[in-house]
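A.B. asks: Model the structure of this input:
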Amino acid sequence: MSHIIEYRLLLAEGHTADIAFRSDDPSLEDVAVLLAQGREMESSDELLRLPLKDSRNVLIIPRSKIVGIVKLKDRNGERPQVFTSSNRDFKCVIVKNYLSESAVNRILAYTLKNESRFTESATTSGDKTKRTSRVLYQFPEIADILIRRVQAITPDACRHLQIVPFEIGQVECQLTASNRHCYFKVHRDAGHQTTLGRMLTYVYYFFAEPKNYSGGELRLYPRSMVDHKIKHDIKTVDIVPEQNMLVLFPSDTYHEVRPVFCDTEEFKDSRFTLNGWVRRAGYDSKSRRLAKAADPGSTIVKP
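C.D. replies: Numbers count the residues shown, from 1 in each chain. Below is the predicted model of the structure:
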């Protein structure tokens with residue numbers, strides 16, 4: 001028996017569109033799966049005809065305008081899987097419902113219990129105006145819940161992101177709380193002497209429900225961008241934080257965290273992330289020695 005499968009298209013300039021297919025629709029194989037697996041179509045300007053969710057209308061759009069696709073819901077009860085953006089200028093992997101409900105609850109409970117241990121965030125450049133948030137650097141009690149899973153998904157993520165395979169070294173992790181007016185200006189996570197060997201960046205989102213903040217989108221800049229100077233007509237992609245969602249992208253991608261808005265200003269209502277980096281083996285110890293002055297130290301798991 002056929003059922004409905006829903007997707008959200010990530011479009012250029014931060015727009016989205018929700019589409020839906022019947023599971024027996026032939027175009028599902030030709031279009032939705034093709035996009036989800038990160039394969040390029042023959043022509044990026046080819047016009048696609050996609051059925052809009054909850055509508056009899058059809059979205060007609062050039063392939064070049066589609067940055068990626070995220071599976072929203074499978075009404076047959078199938079759990080969402082990994083979906084990727086493979087636009088030449090925007091590459092990321094998004095995983096919905098990444099951890100079990102019990103794991104999410106454990107992480108949130110630990111975070112709220114340890115509010116007093118969070119300190120002001122820092123950057124490798126030492127520029128205090130570039131980033132505002134609160135960070136917990138050491139939390140071995142819960143770090144392993146996520147880090148081991150990140151290690152396991154790294155080979156597949158690199159394949160989707162077209163990152164040359166590498167031997168996994170250290171996996172770093174920080175626990176970040178972003179509340180009212182917190183942000184992280186345009187930057188990339190590799191390219192500095194203290195970030196040598198960083199290959200893959202990951203961000204895992206969680207928060208107390210009901211959600212009491214807005215903003216805090218992860219904005220990705222095109223891979224063709226060679227420095228942090230933003231042109232007025234540059235195209236970007238915004239990824240809205242969702243509960244229990246993991247996002248991975250190449251560490252040399254320029255990105256930023258948009259300002260967070262939270263009326264209560266209470267810690268429990270913050271935008272929480274477990275975020276970090278997967279390093280190439282061989283760069284670990286040298287990088288950590290150089291980084292100590294700027295970074296009190298992330299929780300680290302070795303392979």
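A.B. asks: give me the low-pLDDT residue ranges for this protein?
C.D. replies: 1-2, 12-14, 23, 26-45, 67-88, 125, 226-232, 284-303 (pLDDT under 70).
A.B. asks: Could you rerun that using 50?
C.D. replies: 32-43, 75, 77-81, 285-296 (pLDDT under 50).
A.B. asks: Leu108: neighbour count?
C.D. replies: By other CB atoms under 10 Å, 18 other residues sit near Leu108. Where you see a C-beta, it was placed from the backbone N, CA and C, and this is true even at glycine.
A.B. asks: which residues sit in contact with the closest residue to it other than its chain neighbours?
C.D. replies: Closest residue in space to Leu108, ignoring its immediate chain neighbours: Phe206 at 5.9 Å, by CB to CB, 6 or more residues apart in numbering. When contacts are counted by CB atoms under 8 Å, 6 or more residues apart in numbering, Phe206 touches Val104, Ile107, Leu108, Gln243, Asn244, Phe272, Thr273, Leu274.
A.B. asks: now those: which count as buried?
C.D. replies: Val104, Ile107, Leu108, Asn244, Phe272, Thr273, Leu274 (16 or more other CB atoms under 10 Å).
A.B. asks: Now distance to Ile5 and secondary structure too, for the residues you listed, in a markdown table please.
C.D. replies: Compiled in a markdown table, these are given as follows (distance: CB to CB, whole Å; DSSP: H, G, I helix; E, B strand; the rest coil):
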| residue | distance to Ile5 | secondary structure |
| --- | --- | --- |
| Val104 | 24 | helix |
| Ile107 | 29 | helix |
| Leu108 | 30 | helix |
| Asn244 | 20 | coil |
| Phe272 | 30 | strand |
| Thr273 | 29 | strand |
| Leu274 | 29 | strand |
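A.B. asks: Same list, those, but as a markdown table with distance to Ala190 please.
C.D. replies: Conversion of the buried ones among the contacts of Phe206 to a markdown table gives the following (distance: CB to CB, whole Å):
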| residue | distance to Ala190 |
| --- | --- |
| Val104 | 29 |
| Ile107 | 26 |
| Leu108 | 30 |
| Asn244 | 27 |
| Phe272 | 24 |
| Thr273 | 19 |
| Leu274 | 19 |
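A.B. asks: Check those and tell me the two furthest apart.
C.D. replies: Across the buried ones among the contacts of Phe206, the longest distance by CB to CB is 12.8 Å; it joins Val104 and Thr273.
A.B. asks: The nearest residue to Val164 once chain neighbours are set aside is in what secondary structure piece?
C.D. replies: Spatial nearest neighbour of Val164, chain neighbours left out: Cys158 (7.6 Å); criterion: CB to CB, 6+ apart. According to DSSP states H and E, Cys158 maps onto helix 140-161.
A.B. asks: ok, the residue nearest to Val164 to Pro259 distance?
C.D. replies: 31 Å (CB to CB, to the nearest Å).
A.B. asks: Between the two, which has more neighbouring residues?
C.D. replies: Applying other CB under 10 Å to Cys158 and Pro259 shows that Cys158 carries more neighbours, namely 20 against 16.
A.B. asks: In contact with the more buried one, which residues?
C.D. replies: Cys158 touches Val164, Pro165, Phe166, Met199, Leu200, counting by CB under 8 Å, 6+ apart.
A.B. asks: Would you work out how far apart the start and end of stretch 116-124 are?
C.D. replies: 24 Å (CA to CA, to the nearest Å).
A.B. asks: What of stretch 181-194?
C.D. replies: Start and end residues of stretch 181-194 are separated by 27 Å (CA to CA).
A.B. asks: buried ones in that stretch?
C.D. replies: Buried-residue list, stretch 181-194, by 16+ other CB under 10 Å: Cys182, Tyr183, Phe184, Val186, His187, Arg188, Asp189, Ala190, His192, Thr194.
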